[in-house]
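Peer 1: Have a look at this prediction, sequence included:
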Amino acid sequence: MINDFPKDSTAKRKMLLDGVASIADTLRASGSKSEELGTLAPEAVKALRETGMFRLKLAHEMGGAEADPVTEMLVLEGLAYHDLTSGWCTMVGATGIASLGTFLPPAGIGKVFKDGKIPTASISFFPAGRAVREGKGYRVNGRWRFNSGIRHAEWVLGGTVVEGTEAENGGAPIVMFSVFPAADVTLYDNWGGVVGLKGTGSCDFSVENYELSPDFTFVWDLLAPKPLRGGAGYLLPPFSYVAKEHGSVAIGAARRALDELIVIATTTRGMFRSSRLDERQVVHRLIGQADLKLRAARALMHERYEALYEKAKAGQLPDGTDIADTRAICVHATDVAIEIATMAYHFASTTGLHHPHVIGRLLRDLNTAGLHQVMSDTAYENHGKFRLGLAADPLA
């Protein structure tokens, strides 16, 4: 069990990446089981907890790693290489617990992180909840979708519109996060029929007429976050903060798909073909192109986020152009990953066809990952508008 993370960034990165390597076999073995269970396999949850992966983004003062953006991307890429489901659930869980540690008021911190214990959490950004002020707190109703990792979470977070607050918020209602103990919410077993990311267990949860203390609420402003704890990384607006996770998980998973194809190409011969895959020129070219595309997309993400992090450390808040740019870069990485997984599935032929081969699972999971709101292709449109000097909403 990891108790403390070093403050030195190089030592911290090494510790985290060594942790990924130490659980690689466990994560790889869990992939098909998680898909069958419809939630992350218990042994994968245990491995991620014990190596501190869910604390990847949590502020150092709260007992977390508070990894810099590039370290975070490397870790999530590594996890997803071994098992995309584990990488995805770490991505969501790390964001959930980091947001609690960063934005909760002191009274809430004392209850969620009671006795210094660091719990697990899931988070749903879309404001599907409705809250009405009542006394000193709120009365909350809502049903939230896509709660990845909720079945191993101790706390759950859901975006919530506070009704009747338009006058005090420039004409738009206040949107906050509501925080609930997992034991207090109703879960819905409605994730079993999905095509991809089935192992993430991203089912719905709801509350009805729930009395919520303000201690369990916080606002994460979409353009200008106001962290109560932690360093410059928490100044990144939410879309920029999470986009890098999606891009990195996709790159790791696509690299795995490509490597699996290379194994097939160099070790097997199709029943109805006179040549092996590694003897075909089209395969030579496509594998070479895929390798370069992955490396280029990865390098662009790392370069851009390193520059954005330096900007935040210098006290400059990211602006709309930054949000649109970083989001588009990560959508591009995800699109590249989907393209490569699709190519790998095609050339894996009947080998990848049969369940539960990892290439088939990666094809399904990556295409599903590309449907996420943050990965919408409107990101390209917004980036293009900014490049043309036109008005754009980077959050659209």
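Peer 2: On my side now, so go ahead.
Peer 1: hey, where'd the strands end up in the stretch 51-200 of the chain?
Peer 2: 121-134, 137-144, 155-162, 174-181, 186-187 (DSSP state E, counting those that start in this stretch).
Peer 1: Mean neighbour count, mean pLDDT and distance to Ala59 for those strands - can I get that in CSV?
Peer 2: Using the backbone N, CA and C atoms, a C-beta is placed for each residue, glycine as well. Converted to CSV, those look like this (neighbours: other CB atoms under 10 Å; pLDDT from 0 to 100; distance: least, CB to CB, whole Å):
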stretch, mean neighbour count, mean pLDDT, distance to Ala59
strand 121-134, 20, 98, 14
strand 137-144, 20, 98, 25
strand 155-162, 23, 98, 16
strand 174-181, 21, 98, 16
strand 186-187, 13, 98, 29
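Peer 1: Please produce a markdown table containing the ones you listed, extended by distance to Pro42.
Peer 2: Output for these, formatted as a markdown table (distance: least, CB to CB, whole Å):
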| stretch | distance to Pro42 |
| --- | --- |
| strand 121-134 | 16 |
| strand 137-144 | 24 |
| strand 155-162 | 19 |
| strand 174-181 | 21 |
| strand 186-187 | 17 |
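Peer 1: between those, which gets nearest to Met301?
Peer 2: The closest of these to Met301 is strand 121-134. By CB to CB, the value is 20.6 Å.
Peer 1: residue ranges of the helices in the stretch 1-150 of the chain, please?
Peer 2: Taking DSSP state H, counting those that start in this stretch, the helices of the stretch 1-150 of the chain run over residues 9-22, 24-37, 42-50, 69-82, 84-103, 106-112.
Peer 1: What of the stretch 151-300 of the chain?
Peer 2: Under DSSP H, counting those that start in this stretch, the stretch 151-300 of the chain gives helices at 238-267, 281-313.
Peer 1: for the stretch 151-300 of the chain, which spans come out with low pLDDT?
Peer 2: Low-confidence regions of the stretch 151-300 of the chain, defined by pLDDT under 70, span residues 270-274.
Peer 1: ok, now with 90
Peer 2: Scanning the stretch 151-300 of the chain for pLDDT under 90 picks out the ranges 268-276.
Peer 1: From Asp184, how far out is the spatially most central residue of the chain?
Peer 2: Centroid-nearest residue in the chain: Met91, 3.4 Å away (criterion: CA atoms, centre = their mean). Per CB to CB, to the nearest Å, Met91 is found 25 Å from Asp184.
Peer 1: same check, this time on Leu366
Peer 2: 34 Å.
Peer 1: Tell me which of the helices of the stretch 151-300 of the chain sits most buried.
Peer 2: For the helices of the stretch 151-300 of the chain, the stretch with the most neighbours on average is helix 238-267, a mean of 23; neighbours defined as mean count of other CB atoms under 10 Å.
Peer 1: helices or strands up against that helix?
Peer 2: The helices and strands touching helix 238-267, judged by 3 or more CB pairs under 8 Å, 6 or more residues apart in numbering; DSSP states H and E, are helix 69-82, helix 84-103, helix 281-313, helix 320-348, helix 350-353, helix 358-369.
Peer 1: mind checking which of those helices is nearest Ile109?
Peer 2: Of the helices and strands packed on helix 238-267, nearest to Ile109 by CB to CB is helix 84-103, at 7.3 Å.
Peer 1: so the closest one versus helix 358-369, what angle?
Peer 2: Per axes from the mean of the first three to the mean of the last three CA atoms, to 10 degrees, the angle that helix 84-103 makes with helix 358-369 is 40 degrees.
Peer 1: Helix 84-103 relative to helix 42-50, how many degrees between them?
Peer 2: Using the same axes, to 10 degrees: helix 84-103 against helix 42-50 is 40 degrees.
Peer 1: Quick one: distance of helix 84-103 to the chain centre.
Peer 2: Its chain's C-alpha centre and that of helix 84-103 lie 7 Å apart, by CA atoms, centre = their mean, to the nearest Å.
Peer 1: For it, list the C-alpha coordinates in CSV.
Peer 2: This file holds the C-alpha atoms of helix 84-103, laid out as CSV (Å, rounded to 0.1, in the frame of the first residue of the first chain):
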residue,chain,number,x,y,z
LEU,A,84,-8.7,0.0,-20.9
THR,A,85,-11.4,-0.6,-18.3
SER,A,86,-9.0,-0.1,-15.5
GLY,A,87,-7.5,3.0,-17.1
TRP,A,88,-11.0,4.4,-17.7
CYS,A,89,-12.2,3.8,-14.1
THR,A,90,-9.0,5.3,-12.7
MET,A,91,-9.5,8.3,-14.9
VAL,A,92,-13.0,8.9,-13.6
GLY,A,93,-12.3,7.9,-10.0
ALA,A,94,-9.2,10.0,-9.7
THR,A,95,-11.1,13.0,-11.0
GLY,A,96,-13.9,12.4,-8.5
ILE,A,97,-11.8,12.2,-5.5
ALA,A,98,-9.5,15.0,-6.6
SER,A,99,-12.5,17.4,-7.1
LEU,A,100,-13.7,16.5,-3.5
GLY,A,101,-10.2,17.2,-2.1
THR,A,102,-9.9,20.4,-4.1
PHE,A,103,-13.3,22.1,-3.9
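Peer 1: Now do that helix against helix 69-82, angle only.
Peer 2: Put simply, helix 84-103 runs at 150 degrees to helix 69-82, going by the same axes, to 10 degrees.
Peer 1: and the angle from helix 84-103 to helix 24-37?
Peer 2: With the same axes, to 10 degrees applied, the angle from helix 84-103 to helix 24-37 works out at 100 degrees.
Peer 1: For the residue nearest to the centre of the chain, give me its contacts.
Peer 2: Leu76, Val242, Glu245, His246, Val249 (CB atoms under 8 Å, 6 or more residues apart in numbering).
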